[in-house]
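# Here is a sequence together with a model predicted from it:
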Amino acid sequence: MIRRRHALTTLAAASALPWATLTRAESAYPSKPIRIIVPLPPGSPPDVLARTIGERLQHDWKQPVVVDNKPGATGMIGMDAVAKAAPDGYTMGILFLTHTVLPELFGKMPYDTARDLAPVANVAWIYNVLVVPAHSPIKSLRDLVDRAKAQPGKLTYGSGGIGSPAHLLGETFSQTAQVKMLHVPFRGPAEAVQGLLGGQVDAMFATTSVAVPMARGGKVQALAVTSPTRLAALPSVPTVAEAGVTGFEIREWEGVVAPRGTPVPVVYQWNKALAGIMAQPEVKTRLTELGMTPADPNTPIEFGKLITSELGYWSRLVKTAGIKAQ
């Protein structure tokens, strides 16, 4: 905790650096290729985000930007590679919600999420849709809640694995709605979707990029969205609150981090560049089509506070729900 406070203090002090100092740093950086590590396979939301960022940076900074996919161990393999990389600004990583759950879920990890990673910026939010199979007798969120209350533990929901976003959303929803549902973990989101379509589970929280095409194609019924307002892509689908369960507005986040010790001026140079990229109309359109919402500009300190808050929130949820790693 002392080291964490020191890191935040250092970043706070850096925000007051004369712009001349930052300008000198910017003129020397970058001078060689940059690597962005994604702890998930190609095609995943973090991968798409990294490639979108990389394309723009490569154009603006006139240096190659390589996206390096390092999946495995629920994202720990890739993030460990970020934490242990040289802190010179040439290796960055995509951090997302799951990484703030892993410390409580696994206990012993090869790196410390709060200590070994330098926050750069939160760049995107992702919302989810609660879906059921197309021919399910469950026709609304209220119907699902009533059935779950009538038969505790009988209704099932799928996810891509223990501690995955879909799992955490399911547990949070169950606690908020005061129901008991049975979690069925699969080996990744793709298998979970197939399990839902095959009737192996009754429901699932799926990202909008996955849920919207399936709902439009008649493969699933969309019961509710986790966003604070209805989604333009599914205007007839109510929010969870509109459907009768208040106090449940969970959104996933994805941001950029660097190894601890990365020069503060470089961190702020990245922060400034990311804010500019997320503000570009074509980037907003591309991410919106994929179910992401570009985050408003935020500082490394603000992103650090989000990470700290999420570590605390999910630690409490894991304990309360009795979630165990398998």
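Perfect, thanks for sending it.

# wait, Ala118 sits on Pro263?
No - Ala118 lies out of contact with Pro263 (CB atoms under 8 Å); the separation is 9.7 Å. C-betas here are computed from N, CA, C, even on glycine.

# out of these two, which sits in the more crowded spot?
Comparing Ala118 with Pro263 by other CB atoms under 10 Å, the one with more neighbours is Ala118, at 27 against 16.

# Can you name the residues that contact that one?
Residues near Ala118 by CB atoms under 8 Å, 6 or more residues apart in numbering: Ala7, Pro87, Val257, Ala258, Pro259, Arg260, Gly261, Thr262, Val267, Pro300.

# switch the cut-off to 7 Å
In this structure, Ala118 makes contact with Val257, Ala258, Pro259, Arg260, Thr262, Val267, judged by CB atoms under 7 Å, 6 or more residues apart in numbering.

# partner residues bridging it?
Applying DSSP bridges to Ala118 gives these bridge partners: Ala258.

# gap between it and Arg187?
Shown here: Ala118 relative to Arg187, a distance of 32 Å by CB to CB, to the nearest Å.

# now do Val220
Separation of Val220 from Arg187 (CB to CB) stands at 20 Å.

# Show me which of these two is the more surrounded one.
Higher neighbour count among Val220 and Arg187: Val220, with 26 against 9, using other CB under 10 Å.

# got any ranges where the chain has weak pLDDT?
1-27, 326 (pLDDT under 70).

# ok, 80 please
For the chain, the stretches with pLDDT under 80 are 1-27, 249, 289-291, 324-326.

# Using the record's assignment, carve it into domains.
Under the assignment automatic domain parsing, the domains of the chain span 2-126+251-321, 128-225.

# Out of those domains, which gets nearest to Val240?
Val240 lies closest, by CB to CB, to one member of the domains of the chain: domain 128-225, at 4.6 Å.

# and the closest one, how far from the chain's centre?
In terms of CA atoms, centre = their mean, to the nearest Å, the centre of domain 128-225 is set 18 Å apart from its chain centre.

# Give the closest residue to Phe106 in space, chain neighbours not counted.
Distances taken as CB to CB, 6 or more residues apart in numbering put Ala325 closest to Phe106, at 5.2 Å, once the chain neighbours are dropped.

# Using the three-state scheme, assign that neighbour.
With DSSP: H, G, I helix; E, B strand; the rest coil as the basis, the three-state label of Ala325 is coil.

# Then Leu223?
Going by three-state DSSP: Leu223 is strand.

# In contact with it, which residues?
Counting by CB under 7 Å, 6+ apart, Leu223 touches Leu130, Val131, Val132, Ser140, Leu141, Leu144, Ala243.

# Name the helix or strand for the third one, please.
When secondary structure is defined by DSSP states H and E, Val132 falls within strand 128-133.

# May I see the buried residues of that strand?
Residues Asn128, Val129, Leu130, Val131, Val132, Pro133 are the ones in strand 128-133 that count as buried (16 or more other CB atoms under 10 Å).

# quick one, what contacts Glu289?
Contacts of Glu289 by CB under 7 Å, 6+ apart: none found.

# Phi and psi next, for it.
Taking degrees, to the nearest 10, you get phi -60, psi -20 for the backbone angles of Glu289.

# Which stretches in the stretch 101-250 of the chain count as strands?
117-126, 128-133, 156-159, 182-185, 203-207, 220-225 (DSSP state E, counting those that start in this stretch).

# and the third one, which strands flank it?
Sheet pairing for strand 156-159, assigned by DSSP bridges, gives strand 182-185 (parallel), strand 203-207 (parallel).

# Buried deepest among the ones you listed, which one?
Comparing these by mean neighbour count (mean count of other CB atoms under 10 Å), strand 203-207 comes out on top with a mean of 26.

# what about dumping the CA coordinates of it to PDB?
Only the C-alpha atoms of strand 203-207 are listed here, as PDB (Å, rounded to 0.1, in the frame of the first residue of the first chain):
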ATOM      1  CA  ALA A 203     -29.100 -17.700 -19.800                       C
ATOM      2  CA  MET A 204     -25.900 -15.800 -20.200                       C
ATOM      3  CA  PHE A 205     -24.500 -12.300 -20.100                       C
ATOM      4  CA  ALA A 206     -22.900 -11.700 -23.500                       C
ATOM      5  CA  THR A 207     -21.000  -8.600 -24.700                       C
END
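
# Cool, thanks, talk later.
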